[in-house]
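Participant: take this sequence and fold it.
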Amino acid sequence: MAPETGEAGVWLIAAGKAAPAMASAAMRSAGRRVKGGVVVTPELTSSFMFDHEDLARGARIECIAGGHPMPTGGSERGGRRALAVAGLAGAGDELLVLLSGGASALMAVPADGLRLEDKRETTDTLLKAGADIHALNTVRKHLSAVKGGWLAAGAAAPCTALAISDVVGDDPSVIGSGPTVADPSTFAEALDVLQRFNGADAYPEAVVTRLSRGRSGDLPETPKPGDRRLARAETRVIGGRHDAMRGAAEEAARLGYQTHALDAPVVGFAKDAAAAHLQAIAALAATSARPLCVVSSGETTVRVTGSGRGGRNQEFALSAAEPLASLGWAAAASVGTDGIDGPTDAAGALVDTETMLRAERAGLAPPSRFLADNNSYAFFHAIGDLVHTGPTGTNVGDLQIVLLA
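Facilitator: Just a heads-up that it's a prediction; the model follows:
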């Protein structure tokens with residue numbers, strides 16, 4: 001049985017693509033000390049409840065399916081349940097928060113005066129305009145009752161948060177929009193993000209009104225560094241993109257490749273980042289032994305101007321198809337470590353020095369035509385070079401692999 005209400009114990013909140021696995025590990029460790037909690041994940045899987053069915057039932061662990069990359073009604077239920085769990089944790093208890101990729105969308109509670117649809121429309125507009133995760137989360141935190149430190153601020157218990165990072169820089173205030181971390185950003189900065197990405201008129205009136213009132217000082221800011229409400233909250237990053245790079249490099253070395261990991265993150269618009277990335281690899285390859293494997297990671301963005309299908313990894317790969325030939329025989333792949341690239345069933349795509357020949361034989365238009373329509377999925381589907389892994393159950397950003405003979 002779970003501990004009685006008056007006994008000290010652990011209250012558990014897990015949100016993100018790795019939430020079931022992280023919660024399962026926490027329950028193996030904390031055992032019967034777990035009083036209750038919530039697990040919010042993109043889709044309910046049987047693995048969590050199967051492994052700990054009796055314990056989860058006794059501890060009253062609720063599993064909720066949220067939405068990603070757009071929050072859904074399930075996301076709001078998950079966020080409200082998370083706030084309730086934080087409120088149940090007494091001063092003698094421990095609040096354990098487990099965060100992983102996708103937590104921002106999966107755990108959503110609109111701030112007063114906003115509807116979930118306001119947040120959905122704002123997120124969709126920012127994503128299509130090419131806003132990076134830092135800009136996106138600056139806005140999200142100021143439209144939320146759970147993000148930007150509010151989750152931990154509402155708890156009487158000391159809070160420990162463990163995070164698997166899906167953001168470049170591993171900033172805890174950005175991972176999952178920092179529900180347990182002081183927020184250095186401001187209402188004014190959030191309003192500036194809207195202005196930079198299509199202008200304030202492109203967003204719901206209620207959103208612009210809230211951010212404007214906050215900038216004027218009519219609404220309380222998110223908890224800032226030094227806030228006493230977060231004095232007993234600690235957040236640690238336990239995994240990130242460098243772990244994925246290390247694993248890829250070790251496997252390449254096992255297969256006989258000389259390996260080189262590029263520490264600098266691959267960022268910016270996918271179409272621009274690919275060419276710059278290949279130029280850097282060409283310089284490196286000139287002084288490196290072969291066969292060579294170059295590993296990199298990061299997170300690019302896409303400005304959606306067309307009506308096709310694709311994702312940032314597919315756009316990155318397609319932008320690399322033509323310049324790749326300058327490296328001699330080479331192959332490259334760009335994939336999302338969560339197994340999902342944009343609104344598609346692919347993790348990313350593969351290109352090599354014969355990609356353009358295969359495209360010509362298939363009667364395809366030049367890559368520039370597909371890129372202009374954001375239709376990279378159709379290009380790679382036609383020649384069979386999409387990478388399908390299925391959801392991996394975690395996310396540490398995007399991974400690029402370039403092989404040179």
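Participant: contacts and neighbour counts: CA atoms only from here.
Facilitator: Fine.
Participant: so who does residue 81 touch?
Facilitator: Counting by C-alpha atoms under 8 Å, 6 or more residues apart in numbering, residue 81 touches residue 38.
Participant: how about 10 Å then?
Facilitator: 13, 37-40, 62, 64, 75, 87, 107, 109 (C-alpha atoms under 10 Å, 6 or more residues apart in numbering).
Participant: I'd like to know which of those residues are part of strands.
Facilitator: Among the contacts of residue 81, the residues falling in strands (DSSP state E) are 13, 37-40, 62, 64.
Participant: of the residues you listed, which is the most crowded?
Facilitator: Per-residue neighbour counts (other C-alpha atoms under 10 Å) across the ones in strands among the contacts of residue 81 peak at residue 40, which has 32 neighbours.
Participant: that one touches residue 14, doesn't it?
Facilitator: Yes: in this structure, residue 40 is within contact of residue 14 by C-alpha atoms under 10 Å, at 6.2 Å.
Participant: for the stretch 101-250 of the chain, which segments count as helices?
Facilitator: Remark: helices assigned in the stretch 101-250 of the chain by DSSP state H, counting those that start in this stretch are 103-106, 116-128, 133-141, 150-153, 187-196, 205-215, 241-254.
Participant: can you tell which of those is closest to residue 398?
Facilitator: helix 241-254 (7.7 Å; C-alpha to C-alpha).
Participant: tell me the buried residues in the closest one?
Facilitator: Across helix 241-254, burial judged by 16 or more other C-alpha atoms under 10 Å covers 241-242, 244-245, 248-249, 252.
Participant: how much space between the residue sitting nearest the centre point of the chain and residue 154?
Facilitator: Nearest residue to the geometric centre of the chain (C-alpha atoms, centre = their mean): residue 101, 3.9 Å. Distance from residue 101 to residue 154, counting by C-alpha to C-alpha, to the nearest Å: 23 Å.
Participant: cool, and residue 25?
Facilitator: From residue 25 to residue 154 the distance is 25 Å (C-alpha to C-alpha).
Participant: and residue 234, by the same measure?
Facilitator: Using C-alpha to C-alpha, residue 234 is found at 14 Å from residue 154.
Participant: next one: residue 215
Facilitator: 23 Å.
Participant: buried deepest among the helices of the stretch 101-250 of the chain, which one?
Facilitator: Mean neighbour count (mean count of other C-alpha atoms under 10 Å) peaks for helix 103-106 among these, with a mean of 31.
Participant: which helices and strands does that one pack with?
Facilitator: strand 10-15, strand 34-41, helix 73-88, helix 116-128, helix 133-141 (3 or more C-alpha pairs under 10 Å, 6 or more residues apart in numbering; DSSP states H and E).
Participant: so which of the helices of the stretch 101-250 of the chain is nearest residue 343?
Facilitator: Per C-alpha to C-alpha, nearest to residue 343 of those: helix 116-128, 11.8 Å.
Participant: pLDDT below threshold where in the stretch 1-150 of the chain?
Facilitator: 1-6, 44-59 (pLDDT under 70).
Participant: try 90 this time
Facilitator: By pLDDT under 90, the low-scoring segments of the stretch 1-150 of the chain are 1-8, 31-32, 43-60, 69.
Participant: give me the number of residues near the nearest residue to residue 265 once chain neighbours are set aside?
Facilitator: Distances taken as C-alpha to C-alpha, 6 or more residues apart in numbering put residue 298 closest to residue 265, at 4.6 Å, once the chain neighbours are dropped. Residues lying near residue 298 (other C-alpha under 10 Å) number 22.
Participant: might one say that residue 298 is in contact with residue 166?
Facilitator: Yes: in this structure residue 298 lies within contact range of residue 166 using C-alpha under 10 Å: 8.8 Å.
Participant: contacts only, for the residue nearest to residue 265.
Facilitator: 166-169, 241-242, 263-268, 336, 396-400.
Participant: show the buried residues in those.
Facilitator: By 16+ other C-alpha under 10 Å, these give 166-168, 241-242, 265-268, 336, 396-400 as buried.
Participant: out of the residues you listed, which sit inside strands?
Facilitator: Within these, residues falling in strands by DSSP E are 336, 398-400.
Participant: distance to residue 313 and pLDDT for those - can I get that in TSV?
Facilitator: Converted to TSV, those look like this (distance: C-alpha to C-alpha, whole Å; pLDDT from 0 to 100):
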residue	distance to residue 313	pLDDT
336	7	98
398	7	98
399	9	98
400	9	98
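Participant: if I look at residue 283, how far off is residue 401?
Facilitator: The gap separating residue 283 from residue 401 is 16 Å, by C-alpha to C-alpha.
Participant: make that residue 120, sorry
Facilitator: 33 Å.
Participant: now swap in residue 135 and tell me
Facilitator: For residue 135 relative to residue 401 (C-alpha to C-alpha), the value is 27 Å.
Participant: can you check residue 145 too?
Facilitator: Counting by C-alpha to C-alpha - residue 145 and residue 401 are separated by 39 Å.
Participant: same question for residue 105.
Facilitator: Counting by C-alpha to C-alpha, the gap from residue 105 to residue 401 is 28 Å.
Participant: ditto for residue 189
Facilitator: Residue 189 is 35 Å from residue 401, by C-alpha to C-alpha.
Participant: what helix or strand does residue 297 sit in?
Facilitator: Assigned by DSSP states H and E, residue 297 belongs to strand 292-298.
Participant: no no, residue 351
Facilitator: Counting by DSSP H and E, residue 351 is part of strand 348-352.
Participant: for residue 110, give the beta-bridge partners.
Facilitator: Legend: beta-bridge partners of residue 110 under DSSP bridges are residue 144.
Participant: tally of neighbours for it?
Facilitator: 22.
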